[in-house]
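*Asks:* I would like to see how this sequence folds:
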Amino acid sequence: MTKNAANILEIINNSECHLTPEQIYLRLKDKNQTVAQATVYNNLSSLYHQGLIRKISVEGYPDRYDRATRHDHLVCRKCGKLSDIVLEDLTASLEKQIDVPILSYDLKINYICDACLKEEKDK
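*Replies:* Numbers count the residues shown, from 1 in each chain. The predicted model follows:
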């Protein structure tokens, strides 16, 4: 693994939020002034395909990246806020229903966050 890839993996694994490539680039640039955005995108793609990070796509928003630990996500349909949620692992139940082995799954639960609900009420 290259030094840039290792630094990107460290940034994602130590982040409390779900970072966009631009945010990752800015954090990496603090460590390496000469890094290019293409380097970040190439390394994100490689880390994702190796299963070392997760890519989270939400319509209307840039892709965000997350650590590869087992968890699911809440997605606000109004502002796009993304929050981690840990639910019971559904793999065995899903495999029984579809009768094929599952490598992984990505569960995104859509909701309206408290801030957006408050904003709607205040209108």
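*Asks:* going forward, measure contacts and count neighbours with C-alpha atoms only.
*Replies:* Will do.
*Asks:* now the helices for the chain?
*Replies:* Remark: helices assigned in the chain by DSSP state H are 3-14, 21-31, 37-49, 91-98, 114-122.
*Asks:* Point out the other helices and strands that the longest one packs with.
*Replies:* What that stands for is helix 37-49. Applying 3 or more CA pairs under 8 Å, 6 or more residues apart in numbering; DSSP states H and E, one finds that helix 37-49 contacts helix 3-14, helix 21-31, strand 53-56.
*Asks:* same thing but 7 Å
*Replies:* Packing contacts for helix 37-49, counted by 3 or more CA pairs under 7 Å, 6 or more residues apart in numbering; DSSP states H and E, involve helix 21-31, strand 53-56.
*Asks:* how about a markdown table for those, with distance to Leu90 added?
*Replies:* Listed next are these as a markdown table, based on distance: least, CA to CA, whole Å:
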| stretch | distance to Leu90 |
| --- | --- |
| helix 21-31 | 30 |
| strand 53-56 | 18 |
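*Asks:* deepest of these, which one?
*Replies:* Of these, the one with the most neighbours on average (mean count of other CA atoms under 10 Å) is strand 53-56, at a mean of 20.
*Asks:* quick one: average pLDDT of that strand?
*Replies:* Taken as a whole, strand 53-56 carries a mean pLDDT of 94.
*Asks:* Straight-line length of stretch 97-117, end to end?
*Replies:* 36 Å (CA to CA, to the nearest Å).
*Asks:* Centre of the chain to it, how far?
*Replies:* For stretch 97-117, the separation from the chain centroid amounts to 13 Å (computed by CA atoms, centre = their mean, to the nearest Å).
*Asks:* Contacts for that stretch next, please.
*Replies:* For stretch 97-117, contacts defined as CA atoms under 7 Å, 6 or more residues apart in numbering pick out Asp72, His73, Leu74, Val75, Cys76, Arg77, Lys78, Thr91, Glu95.
*Asks:* so how far is Lys3 from the fourth one?
*Replies:* Spelled out, that is Val75. From Val75 to Lys3 the distance is 32 Å (CA to CA).
*Asks:* How is the chain partitioned into domains?
*Replies:* 1-68, 70-123 (automatic domain parsing).
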